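Visitor: Mind looking at a prediction? Sequence and model below.
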Amino acid sequence: TTPTGYRSKKHQEIIIDGKIKTSCKLIDDADELQIVNLIFEKFWELHSITGVSKFLIKQGIKSRNGSYYSLCGIKQILQNPVYCIADKEALAFFIAQNSDVCFEEKDCSSQHGLLAYNKRDYKKKHKPRQSMDKWIIAVGKHKGCISGEKWVMVQNILKNKGSTEQQHTNTHNEYSLLSGLIFCSLCGSRMFAKLRSNSKANDVCFDYVCNSKLRGGRELCHCQNIKGPLA
C-alpha cells in the first residue's frame with residue numbers, strides 16, 4: 001500500500017540478457033505531505049493521537065479515500081520510517097533497536113527518506129506488526145520530510161504512552177458488560193465504556209460514549225453519554 005504523502009510510479013530497466021526489471025518508486029504528493037507534516041506537528045504539541053484525530057476532524061481534513069483518519073491510521077503514519085530522513089540520528093536509533101540496517105554513516109543523506117521491510121509477519125493471520133529487531137531498514141530514493149531527531153522523539157512518546165489512549169475505551173473489560181454492544185441512536189456507531197478521571201480501583205466510574213464522539217468530539221456526534229450503571 002502506497003503510504004500517505006506519496007504516489008507509486010512503475011519504473012522499468014533492462015538488466016542482463018535483455019531481461020526487464022520492474023520496480024516502483026515513491027513520488028511526492030505535496031498536498032498529502034502537508035497533512036503528514038501537520039499530523040507530526042500536532043502530535044509533538046499534544047502528545048495524543050486522539051487529540052490529533054479531533055484536530056483533523058475539526059479542520060475537515062480527510063484521507064485520500066474521503067473518510068476521516070482513524071486513530072490506527074494516524075498511529076501508523078507516526079510510526080512509518082518512510083517519512084524519516086536518512087540522517088545520523090535515524091541510523092543510531094535503528095542500530096540501537098537491533099534492526100537489520102542496510103546503510104552506513106557515509107550513506108546518510110538529508111535528501112532521502114527511509115524504507116522499512118519485513119515490518120509485518122505475513123505468515124500469520126491478520127499480518128501482525130513485528131518488533132523493530134526484525135525490520136530491514138534501507139535508504140530510499142524518495143525525499144524524507146521529518147528529521148531523524150524528531151521522528152525518534154515521536155517513537156519515544158508513543159512508547160512511553162503505551163496504549164493509554166485505548167485502555168479506557170476497550171470493547172471488553174472487567175468493569176462493563178455492554179461496551180461495544182450498545183449503538184448510538186444518532187449516528188449508529190458503537191458506544192464504548194470510558195473510565196472517568198476520578199475512578200479509583202475500588203470505585204469504578206464510567207460512561208458509555210459514542211465512538212464518533214470519542215474520535216471527533218461533538219463535531220461528529222452530539223449524543224449524550226450514558227452512565228455506566230444505568231445502561
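Guide: Received, thanks.

Visitor: Chain neighbours aside, what residue packs nearest to the residue positioned nearest the centre of the chain?
Guide: By CA atoms, centre = their mean, the mean C-alpha position of the chain lies nearest to K75, the distance being 1.7 Å. The shortest distance from K75 to any non-neighbouring residue, by CB to CB, 6 or more residues apart in numbering, is to I49 (5.5 Å). (Each C-beta comes from the backbone N, C-alpha and C, glycine too.)

Visitor: Quick check: that neighbour touching F43?
Guide: Yes. Between I49 and F43 there is a contact at 7.1 Å, judged by CB atoms under 8 Å.

Visitor: Looking at these two, which has the bigger crowd around it?
Guide: A count of neighbours by other CB atoms under 10 Å puts I49 above the other of I49 and F43, at 25 against 22.

Visitor: Can you list the residue ranges for helices in this protein?
Guide: Here the chain has its helices, by DSSP state H, at 30-46, 49-58, 71-79, 88-96, 148-161, 164-167, 211-216.

Visitor: what's the average pLDDT for the last one?
Guide: In this model, helix 211-216 has a mean pLDDT of 85.

Visitor: now swap in the fourth one and tell me
Guide: The pLDDT scores in helix 88-96 average 98.

Visitor: who touches it?
Guide: The contact list for helix 88-96, computed with CB atoms under 8 Å, 6 or more residues apart in numbering, reads 81, 84, 101, 103-105, 108, 114, 132, 135, 137, 147-149, 151-152, 155.

Visitor: Can you select the buried ones from these in PyMOL?
Guide: Here is the PyMOL selection string for the buried members of these, based on 16 or more other CB atoms under 10 Å:
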select buried, resi 81+84+101+103+108+114+132+135+137+148+151+152+155
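
Visitor: Need the residues touching each of I49 and F43.
Guide: Contact with both I49 and F43 is made by residues 74, 78, according to CB under 8 Å, 6+ apart.

Visitor: just to revisit the earlier point, which residues touch the residue nearest to K75?
Guide: When contacts are taken as CB under 8 Å, 6+ apart, I49 is in contact with 43, 71, 74-75, 78, 165.

Visitor: for those, which one is nearest D121?
Guide: Proximity of the contacts of I49 to D121 (CB to CB) peaks at K75, which lies at 18.4 Å.

Visitor: Reformat the contacts of I49 as TSV; add distance to H142.
Guide: Converted to TSV, the contacts of I49 look like this (distance: CB to CB, whole Å):
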residue	distance to H142
F43	22
L71	26
I74	21
K75	21
L78	18
E165	30
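
Visitor: Going by distance to S63, which of those residues wins?
Guide: Proximity to S63 was ranked across the contacts of I49 by CB to CB; first place goes to I74, at 9.9 Å.

Visitor: you'd agree that closest one is up against S53?
Guide: Yes. Counting by CB under 8 Å, I74 does reach S53; the two are 5.9 Å apart.

Visitor: Neighbour count: those two, which is higher?
Guide: Under the criterion of other CB under 10 Å, the comparison of I74 against S53 puts S53 first, with 25 against 21.

Visitor: what about the more buried one, distance to D107?
Guide: S53 sits 36 Å away from D107, going by CB to CB, to the nearest Å.

Visitor: Please apply the same query to S179.
Guide: For S179, the distance to D107 equals 49 Å [CB to CB].

Visitor: And for Y6?
Guide: With distances taken as CB to CB, Y6 is found 21 Å from D107.

Visitor: Thank you, goodbye.
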